[in-house]
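> how would this look folded up:
(one chain, ligands or ions: 1)
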Amino acid sequence: MFKHSFKYYKSKNPPPNFEEVLDFQKPEFELNGIVIYKDLALKSSLCNYGLKNLKDWRVYQIPSKNGFIFIRNPFTHAGQRYWIKKCLKDYSRKPNKLNIDNFNVIPSDKNWWDTAQSDKTLLQSLRWATLGYHHNWDTKIYSEDNRSDFPSDLKDMTEYIARKLGFMDFIAEAAIVNYYQLNSTLSGHTDHSEQNLEAPLFSFSFGQTAVFLLGGKTIDEKPVAMFLRSGDILIMSKQSRLCYHGVPRVIKIDHDIWNDEDEFNSNNYYEANDALWTPFNNYLSHSRINMNVRQVLHTGQLKLCH
Ligand code: SIN
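Predicted coordinates for the structure are as follows:
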């Protein structure tokens, strides 16, 4: 069932019908069967980490998907620009690991982003970066020997969101940043390499829109399809933590919301009309970025034991 839906939404010819894709941008009364998250402390709090004031967040759950939480873009526009720039310029540098590390195409004193400004093929060949405990794509086993410092801003933001949702012990220890072109897909998979499989997984989307499939514990279950737009956050906790998921399609959108003006001035972040923002905006006009943040260790555990 999962593979069937994946193939359906991936197909270019014939193109799929998106009518059944859950769209959290629709007015709430049109979101049949969706529950508005009630437990969030809706008290006003300072805007932090590029996020809007808590009272402006819209948080949803799908009753049939226990533990799945969706936050509809809680970022300011400048906040989105901050995280997009981080993913492209900073998280793609050492000590983080990239899929292109072994291609030997980046001079040792240079980094991917600067080098790729004059090399379109290189720009489009970055597929992932791993941060903190580096995901080992072959063994799927994390190790103490394959770990670097986790970026403090991403840690602080993810843990802030976790606390607001009641995950008081969550610690951000590993992340995969996925970089998608318009023809990229991510096959159905489960994330089970972490020793702690009870801790939630936080997934942040920026740039072009994805069709995301959330299935069940086996590939036999028909997945729910939903749009993930720039700024959306999804959390997989409890039963949904180990569910199959994947991205069969990235869709080019008309309105680049990350370039919109904010109502108030957020200092320190790029303005959309700043020339320094242009290369990031050019990249994003045909790309999607996803930051996937996990806890690896059990609460109180100091290091991995195998
Ligand atoms: C993932 O499952 O690793 C990424 C999902 C996404 O890109 O939204």
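> three-state assignment of Ile176?
Look at Ile176: counting by DSSP: H, G, I helix; E, B strand; the rest coil, its state is strand.
> so it touches His135, yeah?
Yes - with contact defined as C-beta atoms under 8 Å, Ile176 and His135 form a contacting pair (5.6 Å). Backbone N, C-alpha and C define where each C-beta goes, glycine included.
> Look at the two and report which has more neighbours.
His135 (23 against 19; other C-beta atoms under 10 Å).
> What distance do you get for that one to Lys97?
9 Å (C-beta to C-beta, to the nearest Å).
> end-to-end on stretch 57-64?
22 Å (C-alpha to C-alpha, to the nearest Å).
> and it, how far from the chain's centre?
17 Å (C-alpha atoms, centre = their mean, to the nearest Å).
> Flag the helix or strand of this structure with the lowest per-element mean pLDDT.
strand 35-36 (a mean of 77; mean pLDDT, DSSP states H and E).
> Tell me the strands beside the next helix or strand along the chain from that strand, with direction?
Later in the chain than strand 35-36, the nearest helix or strand by DSSP states H and E is strand 58-61. The strands that strand 58-61 pairs with in its sheet are strand 35-36 (antiparallel), strand 68-72 (antiparallel) (by DSSP bridges).
> What residues sit buried inside strand 58-61?
59-61 (16 or more other C-beta atoms under 10 Å).
> Stretch 65-72 too?
For stretch 65-72, by 16+ other C-beta under 10 Å, it's 65, 67-71.
> any idea which of those residues is closest to the ligand?
Set against the ligand, the nearest of the buried residues of stretch 65-72 by C-beta to the nearest ligand atom is Phe70 (11.9 Å).
> Counting neighbours, what do you get for Lys12?
So Lys12, with other C-beta under 10 Å, has 8 neighbours.
> Next up, the contacts around it.
With contact set as C-beta atoms under 8 Å, 6 or more residues apart in numbering, Lys12 has no partners.
> Quickly note the distance from it to the ligand.
19 Å (C-beta to the nearest ligand atom, to the nearest Å).
> Within the helices and strands, which one has that residue?
Applying DSSP H and E, one finds Lys12 in no helix or strand.
> Leaving out chain neighbours, which residue sits closest to Gly79?
Closest residue to Gly79 apart from its sequence neighbours, by C-beta to C-beta, 6 or more residues apart in numbering: Gly50 at 2.2 Å.
> those strands in the stretch 201-306 of the chain, which residues are they?
Counting by DSSP state E, counting those that start in this stretch, the stretch 201-306 of the chain has strands at residues 201-207, 209-214, 224-228, 233-236, 245-251, 287-294.
> in this protein, what residue is nearest the ligand?
For the chain, C-beta to the nearest ligand atom, closest residue to the ligand: Asn290, 3.3 Å.
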